[in-house]
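Chemist: Give me coordinates for this.
(one chain, ligands or ions: 1)
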Amino acid sequence: MIKVKVPATSANLGPGFDVLGLAIDRYNIFTFVESAESKEENLIYKSYRRVFEYLGKPLIPVKIQVNDNIPIARGLGSSAACIVGGIMGANEILGKPLDKEDILKLATEIEGHPDNVAPAIYGGLVVSVMEGDKIHIAKLPIKNKLNFIALVPNFELSTSKAREVLPKRIDFKDGIYNVSRVSILLTALATGDSGLIKLGLQDKFHQPYRGKLIEGFDEIISAVNQKGALGCYLSGAGPTIMCIGPGEDNRLIKDIQEYVKDEYPAWEVFVHKVDNIGALSYID
Ligand code: HSE
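Modeler: Numbering: from 1, shown residues only. Next up is the predicted model:
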């Protein structure tokens, strides 16, 4: 049988709307078994089928099983994982005719934007730039040792709903605000200057609008920052709040876990590092 392991991803990182995304060490594992009676109809199968159409090959029907660790509609890239899983499953069954660039092109076409699928495929922190049909990506090595502490609410927020609340136009000075923050964030991560991360996570494009959909959004961020986090941002389209902490600081993790248990007992806390490898497919 064919297996594909795909990391969860956290997009935007504050100001990098639809451009930045990061893979973290939490995974879905997709298993593909050839089966003539398969009647699957879901995002994984749709993505699987797209590879056969793209290559002009007859479909090989499969049954798909998912070992599902990425929560759905929480801003941690569960759809991106399904898309990349389906494409890479088909690619493995066909003897790997597609390279990563082809996989990224197909995955972006299905997802609509590259910021989750690119780190799911390549691992690490990925900057994606769309130029017409072409997607350029650059992987930025992160110098700081960091923990990514995800505060995951007990409710879903669909990306389409979270995109509906965004403004149609952006003020020129808000554009400058975000460009300056993205620049300082990438500098902080490339040089290891963790003191600049909080400034670099500030955003005027989406968080002020989406934050209103999440009860307690501002209070949680300010409480976690007071406990010593290096900064927080809305993960992808939300509702997960991602907190960044120094890699060696277990005290901060405990404090955040206690705070969430007391104030938001239905929420979950996941503690992660960056995944630098990205999705893998293999025969088991
Ligand atoms: N960049 C996307 C958004 C990520 O924020 O809407 C979620 O798919």
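Chemist: So which bits of stretch 28-46 are buried?
Modeler: 28-32, 38, 43-45 (16 or more other Cβ atoms under 10 Å). From N, CA and C alone the C-beta is placed, and that goes for glycine too.
Chemist: now, which of the residues you listed lie within strands?
Modeler: Using DSSP state E, the subset of the buried residues of stretch 28-46 located in strands is 28-32.
Chemist: Look through the chain and tell me its longest helix.
Modeler: Counting residues, the longest helix found in the chain (DSSP state H) is helix 172-191.
Chemist: mind listing what's buried in the next helix or strand after it?
Modeler: Counting by DSSP states H and E, the next helix or strand C-terminal to helix 172-191 is helix 197-200. Across helix 197-200, burial judged by 16+ other Cβ under 10 Å covers 197-198, 200.
Chemist: Identify the residues contacting helix 197-200?
Modeler: Residues outside helix 197-200 that contact it (Cβ atoms under 8 Å, 6 or more residues apart in numbering): 14-15, 144, 181-182, 184-189, 225, 230-231, 244.
Chemist: Quick check: PyMOL command selecting the buried ones in the residues you listed.
Modeler: Only the buried entries of the contacts of helix 197-200 go into this PyMOL selection, using 16+ other Cβ under 10 Å:
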select buried, resi 14+15+144+181+182+184+185+186+188+189+230+231+244
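Chemist: Going along the chain, name the strands of the stretch 151-284 of the chain.
Modeler: 231-234, 241-246, 268-272, 280-283 (DSSP state E, counting those that start in this stretch).
Chemist: Listing partners with orientation, what would you give for the longest one?
Modeler: If you go by DSSP bridges, strand 241-246 pairs up with strand 146-152 (antiparallel), strand 231-234 (antiparallel).
Chemist: Could I have the CA atoms of that strand written out in CSV?
Modeler: C-alpha atoms of strand 241-246 as CSV (Å, rounded to 0.1, in the frame of the first residue of the first chain):
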residue,chain,number,x,y,z
ILE,A,241,-4.2,31.4,17.8
MET,A,242,-0.5,30.6,17.3
CYS,A,243,1.9,31.7,20.0
ILE,A,244,5.6,31.7,19.5
GLY,A,245,7.9,30.9,22.4
PRO,A,246,11.6,30.4,22.9
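Chemist: which parts of the least confident helix or strand in the chain by mean pLDDT are buried?
Modeler: Least confident helix or strand, the chain: helix 159-164 with a mean of 91, by mean pLDDT, DSSP states H and E. Neighbour-count burial for helix 159-164, with 16+ other Cβ under 10 Å as criterion, is recorded at 159, 162.
Chemist: That helix: how far from the chain's middle?
Modeler: Taking Cα atoms, centre = their mean, to the nearest Å, one finds the center of helix 159-164 at 16 Å from the center of the full chain.
Chemist: That one vs the ligand: in contact?
Modeler: Yes: judged by Cβ under 6 Å from any ligand atom, helix 159-164 comes into contact with the ligand through 159, 162-163.
Chemist: Contact residues of the stretch 1-150 of the chain facing the ligand?
Modeler: 11-12, 17-18, 113, 115-116.
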